[in-house]
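A.B. asks: take a look and give me a structure for this.
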Amino acid sequence: MKFTIATLTVLIAFAFTSSQNEKGFKVEYRGALKNIMHKGDLSAQVDLNDFKDSEHLYALGAVENLKGEILILDGQAFISSVKNEELVIDSSFDHKATLVVYAAVRDWNSIDIPNKISTYEELEQFIEHSANEQGIDTEEPFPFLVKGTPASFDWHVIDWPEGDTEHSHQKHVESGLNGKLEKKAVEILGFYSKHHHAVFTHHTTNMHLHVKTTDDSISGHLDGITLGNGMSLELPAVVH
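C.D. replies: So this is what the prediction gives:
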């Protein structure tokens with residue numbers, strides 16, 4: 001069956017509406033990491049303009065041809081790319097994605113992250129534990145937010161060389177801009193899933209995270225983090 005852009009837009013809107021009636025959110029995705037990594041398929045899977053009028057949209061992913069990172073927070077776009085070896089962040093939806101994961105979330109519940117939680121792995125465990133306590137089905141994918149000032153975090157914005165057909169996570173990190181920041185306030189969007197390895201999470205983790213500094217100077221893929229004190233986790237408020 002072939003889908004036109006108009007049909008896809010209707011389907012996206014219907015998915016958002018039906019999911020909110022059921023539990024308050026539903027995670028959807030277009031594209032897959034395995035197609036990028038193993039097949040070298042960097043083609044556009046969806047036009048971000050299809051999402052432009054979606055209310056309370058949260059999304060992350062990669063621009064077509066792996067020429068940038070996608071982050072959308074409550075309908076506001078932060079599309080980062082590399083131009084002349086400098087980071088550029090665009091607020092428009094005039095981009096296409098080779099991979100995008102998204103959900104519409106109107107209401108969030110905030111949870112204090114204990115100061116003893118420090119590493120990426122500890123954060124992943126805390127998110128699953130907290131989601132279970134909040135009544136979120138952790139056998140299904142769900143979005144989350146992490147806010148505050150980490151001790152440090154590693155980030156990158158991909159700028160894949162045209163014609164390179166051999167993919168690895170390390171090459172993705174090193175292909176564009178990357179860096180490490182300390183004690184910089186951030187907002188992190190993540191999607192958690194136990195069952196989407198090589199689809200929208202890598203095989204070593206149940207999470208895919210993108211980060212933006214609150215001063216909007218950096219936006220990109222989150223590669224690692226050491227949490228700081230007083231940070232918070234936000235989970236979708238479940239409709240019962």
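
A.B. asks: quick check: which element contains the most centrally placed residue in the chain?
C.D. replies: Nearest to the geometric centre of the chain sits Leu60, at 3.2 Å (C-alpha atoms, centre = their mean). In this structure, Leu60 is located in strand 57-63 according to DSSP states H and E.

A.B. asks: roughly how far out does that strand sit from the chain middle?
C.D. replies: Relative to the centre of its chain, strand 57-63 is centred 5 Å away, using C-alpha atoms, centre = their mean, to the nearest Å.

A.B. asks: any low-confidence regions in the protein?
C.D. replies: For the chain, residues meeting the criterion pLDDT under 70 lie at 1-23, 164-169, 171-172, 174-175, 240.

A.B. asks: dump the strand holding Leu60 to PDB, restricted to CA.
C.D. replies: The C-alpha trace of strand 57-63 is given here as PDB (Å, rounded to 0.1, in the frame of the first residue of the first chain):
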ATOM      1  CA  LEU A  57       5.000  17.100  20.200                       C
ATOM      2  CA  TYR A  58       8.200  15.600  21.500                       C
ATOM      3  CA  ALA A  59      10.600  14.000  19.000                       C
ATOM      4  CA  LEU A  60      14.200  13.100  18.300                       C
ATOM      5  CA  GLY A  61      16.100  11.600  15.500                       C
ATOM      6  CA  ALA A  62      18.500  12.200  12.600                       C
ATOM      7  CA  VAL A  63      18.200  14.400   9.500                       C
END
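
A.B. asks: for burial, what's the neighbour tally of the closest residue to Glu162 other than its chain neighbours?
C.D. replies: Nearest residue to Glu162 in three dimensions, chain neighbours excluded: Asn65, at 7.2 Å (C-beta to C-beta, 6 or more residues apart in numbering). Quick note: C-beta positions are derived from backbone N, CA and C, even for glycine. For Asn65, the count of nearby residues is 15 (other C-beta atoms under 10 Å).

A.B. asks: do the same with Asp90
C.D. replies: Asp90: 15 surrounding residues under other C-beta under 10 Å.

A.B. asks: show me the contacts for it.
C.D. replies: Residues counted as contacts of Asp90 (C-beta atoms under 8 Å, 6 or more residues apart in numbering) are 77-81.

A.B. asks: please consider this matter closed, and thank you.
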